[in-house]
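Chemist: A structural model of the following input is requested.
(3 chains)
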Amino acid sequence: MNERWVLSRRQILKGMAAAGALTAAELAWWEEPLISPRRAWGAAPVRFQFSVPEPKRTALVESLVQRFNQSQKDFEVKVEFVPQAQARQKLITSIAAGTPPDVAQVWDNWVGEFDGMNALEDLTPKVKDWSGYRDVLPLAWETVTVKKRILSFPWVVTNDAVYWRTDRAKQYGATPPRDDWSFDEFLAWAKAMTKPDKNQYGFGMRGQGTWAVLYATEFMYANGAQVLGKDGRVAINSKEAAEALDWYLDLFRKHKVCPPSVPTDGWRQIVEGFGRGVTNSYIHNSGSSEEQKDFVKPENFATVPLPVGPAKKRVSFYFSETLTPFKAGKSRQGGFTFMSWAMESEPHFMYSKTLGLLPARKSVAERPEFTNDPALAGFIKSFPFSIVSPYLAYAGWGGKLDSEGVPLFQQALVGKLSSKEFLDKFAEMLTKNMS
Amino acid sequence: MRTRGGLDTAERVLGGPVLWTGLAALTVFAVAPFVWVLLASFKTRAELYAMPLVWLPSSLSLANYVEAWTSKLTPFSRFFANSLWVSSVTMVATTVISVLAGYALARFRFAGRQTLMMLFLATQMFPAVLLIAPLLSQWHALGLIDTYQALIYSNFSFTVPFTVWMLVGYFESIPRELEESALMDGCGRFGALCRVVLPLAAPGVAATAIFAFVSSWSELLFAITFTSQTEMRTLSAGLLFMVGQYEIQWGQLSAGVIISTLPVAVLFTFLQRHLIRGLTAGALKG
Amino acid sequence: MAHEATLARPLARPLLSRRARELLTGYGYLLPVAVALGATVLVPILQAMRMSLYRNVLIKPQEYGFIGLGNYARLLRDDVFWLSLWNSFFWVFGSVSLQFLGGFAAALLLHQTFRGRAIVRTLTLLPWIIPGVVVALIWEYLYQPNYGALNDLLTRVGLMRDKVAWLSDPALAMPAVIATNVWRGVPFFAIMLLAGLQAIPDELYEAARVDCAGVLERFWHITLPMLRPIIVVATATRIIWTFNYADLIFVMTSGGPVNATQITSTYTLLQAYSNLDFGYAATLSVALLVIMLAFTTLYLRVTRGVEPVG
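Modeler: Next up is the predicted model:
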């Protein structure tokens, strides 16, 4: 290192120190992002947070937003994309700091939580006045109603069904699932579709995340169990529930028709697993149907309702993706206008179709694009026995399912707890958090 | 380093085969996952999802790179510029602040100096999670959401404590006599700092500056929470957009990783000599 | 100190004594850092500490109130907390010791002269440059039992028959995430120790060789003692940092399966964002702070401190 280099570096450091001093002084010019959004004259800005399920979807949402902005002059919607995994966190933090967006696309199981945080307003009067009120399925309104108040718009809805590989079923000569198949037929099918030497498993069970417990609960209901008994007390640790849970967990523990990664497989893993051909069936909502069309090709898979349980019943948990306005948002009128627009036939149709989710409005849901799609058949056929998730009954359950319910479930999965022990502890946790 | 004559057997073994095996193992260890990422960045979607695993891409297609660089949702050119700006300003500001503080702690005697040093260390012991909510309200109150400033100031929380610690060591390793004579000649303290101490400590200062840069380059939590517009995202936050709910766009994510790593790697090849020499200067005193 | 020059000067009486001026300058230099850290760290920490004394569950705003040490009592009874502490120690010491050993080996190797040294050094630094979340995603992909590169390689080479689920097995999950953390952390130690090695004057080694000291003896009596200050600083800061490092585990396993990888900092994240229990999350953070303060004081005292005598 010679002197010249040292000196010139000193000069650089000095220059940078000066620049640093400028940094401290609040220069406005470099605060603005280089690309400024064009703003229509006089239009009030509306902040819309959209959590990105798949990056491809953003083009659709942006074009929807653009259309809205061009269709009227009073409001301009600015969409903020947030990666799916951070969306809830971001909303929570922004509510806590007093800066929530005006409208956010929010899953229905978060609505109760946000209501508990006092962040939402009662939309019932506005909604009842809205033209499309009766066109939306009552079940859909139920998902966004907390303590008899409607808190948001259900935008798209879905329930759970089973995806299965039609081509491989033919290849291995397995009896394809019927619409009314039983638990035994399910097990037989999964066994026939498990080929460990080829790295293939019959059923991609979910072990991670809240829905791991919900899928298991659907099987428990099929055996006659319930989360809440008639007296309003937690009844999930009944004999019927334990039997059904045993049967369900044995798919992984005993029959080994599930891949070894089950305990930590979340949404992404079960969808990818099926997409890569590692699993030949999995339970999920219709949201991943478009992905599977890309992965596996539409002609190679189909969907079928969940199997009927020994108690001759079954349920599918119904839930919605909502558009929710926030009380502390700066532009509530604008938010509501945007939401009602998004629920109009054309935008509604475009959004649902691209996502593979079903529109909440009956008139749109009856279009052939939905009713004639085999990938959606299983879901549509499951509507008659779909109910809103029982775990939405109490806002306090949402977070606890994730933080305490899932680890308990995982313990049962790996054999550290018996089904009865898991259910007892689970019931205890639910009872403690009823609020 | 080693004199030619008189190597004993141990030295010969260590110098020869052990050295080469060791280097090979080290390089493979550090680089293997990168090689995987590099290969993935050239693969098509079909190749990425093929079972059994496809190791080599059939062609060196740059489609993923083009997509990552120009995509509207993940404009890597934009993310890159943002990260560069935020990290650079953080580096400069941190250096300025820590040089002043380090010098004061090294040279001036005052009560509570020990506690202060411990305090710097202690500030790193708090999980960033809990800082988020108070910081968010603070920045919101000051109207700094979606600005570079919020990120830069928040970055101080982890760059400054570490750099101050390091710089105290470097400054203390410079003999006081040099400054004394400068002070005798009528320079103020500040003059002594600039004219005498800094040039000698320059390698150490450069080293801490680089640490500050690299740490803020990969910072994630603040970047996600304090910005909402896509144009304001940094690279780390932007890379997360490739992670969808149901699939990870491995092709583009890999391209994005390579894009964000390559320039820093190239920079490092040139600077690593100075970095190491800088750390050497203060090494003996810790 | 040379006083002659001072005496030769005219006796002008400055407003403040030299000592006072020194003190003022000193505090002046400390002002920027006080503002920077005060606003971004100290104030939030104090706010969080205060929050730990309240019941503050975001979805139950009606229950908000001062409960004194109630959260702390709950902490002591919380099994998952104690488990997370145990996991944290395992995580920290497993990671840091292996990072240290790996980094030391790397430093020793990179200290030698050979062609292409600059390139090899840069390559060794690469794991440090990628954002932690991306590291987690890449390694999660590599560990995937059915389509991850690791199992594929091991199966092809013949070392594995049944696919091992690295991250889904409660016994293997922690070692697996530690391995990833080691990969990420070796460059840090490699640089710091390399710098230390380069500072050791060659003369010491020459003198030792003249005295017929072998390689191992030279290492033990010269290299290690001279490196001690760096080793202490590097390991202390790394231990503190690793204790708080939640990103890797959070992305790869979310603390599971069955809380096998739940460390205290991920547990804090869980309480804050899943349960929205900010009061309890603050309590956990304060507990973490206290533990680490105790540890650091002990550690520094045991290694006889790093405070430069000056």
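Chemist: SS state for A:Glu76?
Modeler: What DSSP: H, G, I helix; E, B strand; the rest coil gives for A:Glu76 is strand.
Chemist: Double-check it against A:Asn69; I have them as touching.
Modeler: Yes: using CB atoms under 8 Å, A:Glu76 makes contact with A:Asn69 at a distance of 5.3 Å. C-beta coordinates here come from the backbone N, C-alpha and C atoms, glycine included.
Chemist: more neighbours, those two?
Modeler: A:Glu76 (22 against 19; other CB atoms under 10 Å in any protein chain shown).
Chemist: if I look at that one, how far off is chain C?
Modeler: According to CB to the nearest CB, to the nearest Å, A:Glu76 and chain C sit 31 Å apart.
Chemist: Run through the strands of the chain in chain order.
Modeler: In the absence of a named chain, this looks at chain A. With DSSP state E as the criterion, chain A has strands at A:44-52, A:75-83, A:103-107, A:145-146, A:149-150, A:153-158, A:160-165, A:281-285, A:301-304, A:316-325, A:358-359, A:386-388.
Chemist: Please refer instead to chain C.
Modeler: Under DSSP E, chain C gives strands at C:54-55, C:65-66.
Chemist: Just checking: what are the partner strands of the last one?
Modeler: Translated: strand C:65-66. Each strand paired with strand C:65-66, and its direction, by DSSP bridges: strand C:54-55 (antiparallel).
Chemist: so who does the residue in the stretch 251-400 of chain A that chain B sits nearest to touch?
Modeler: Closest approach between the stretch 251-400 of chain A and chain B, counting by CB to the nearest CB: A:Val271, at 4.1 Å. Residues near A:Val271 by CB atoms under 8 Å, 6 or more residues apart in numbering or on different chains: A:282, A:284, A:288, A:291-292, B:246-247.
Chemist: ranking the residues you listed by neighbours, who comes first?
Modeler: Ranking the contacts of A:Val271 using other CB under 10 Å puts A:Ser288 first, with 27 neighbours.
Chemist: gap between C:Val251 and B:Ile132?
Modeler: 17 Å (CB to CB, to the nearest Å).
Chemist: More neighbours: those two, which one.
Modeler: Counted by other CB under 10 Å, C:Val251 and B:Ile132 do not tie: B:Ile132 has more neighbours, with 23 against 20.
Chemist: which parts of the stretch 51-200 of chain A sit against chain C?
Modeler: A:88-89, A:92, A:95-96, A:112-113, A:116-118, A:199 (CB under 8 Å from any CB of the partner chain).
Chemist: Out of the residues you listed, list just those in helices.
Modeler: A:88-89, A:92, A:95-96, A:112-113, A:116 (DSSP state H).
Chemist: Let me see the contact set for residue 238.
Modeler: As the question left the chain open, I've gone with chain A. Here A:Ser238 is in contact with A:225-226, A:423 (CB under 8 Å, 6+ apart).
Chemist: wait, chain B
Modeler: Taking CB under 8 Å, 6+ apart as the criterion, B:Gly238 is in contact with B:74-76, B:79, B:256.
Chemist: try 10 Å this time
Modeler: A:83, B:68, B:71, B:73-76, B:78-80, B:82-83, B:223, B:230, B:256, B:260, C:131 (CB atoms under 10 Å, 6 or more residues apart in numbering or on different chains).
Chemist: Select from these every entry located in strands.
Modeler: Short answer: these in strands (DSSP E) are A:Pro83.
Chemist: Please pick the buried ones from the contacts of B:Gly238.
Modeler: A:83, B:68, B:71, B:73-76, B:78-80, B:82-83, B:223, B:230, B:256, B:260, C:131 (16 or more other CB atoms under 10 Å in any protein chain shown).
Chemist: count of neighbours near whichever residue of the stretch 101-250 of chain A sits closest to chain B?
Modeler: Relative to chain B, the nearest point of the stretch 101-250 of chain A is A:Asn199 (6.8 Å; CB to the nearest CB). Neighbours of A:Asn199 under the rule other CB under 10 Å: 19.
Chemist: residues touching it, list them.
Modeler: Contacts of A:Asn199 by CB under 10 Å, 6+ apart are A:259, A:276-278, B:51-52, C:145-147, C:151-152, C:155, C:163.
Chemist: With A:Asn223 instead?
Modeler: Contacts of A:Asn223 (CB under 10 Å, 6+ apart): A:183, A:238-245, A:247-248, A:309-314.
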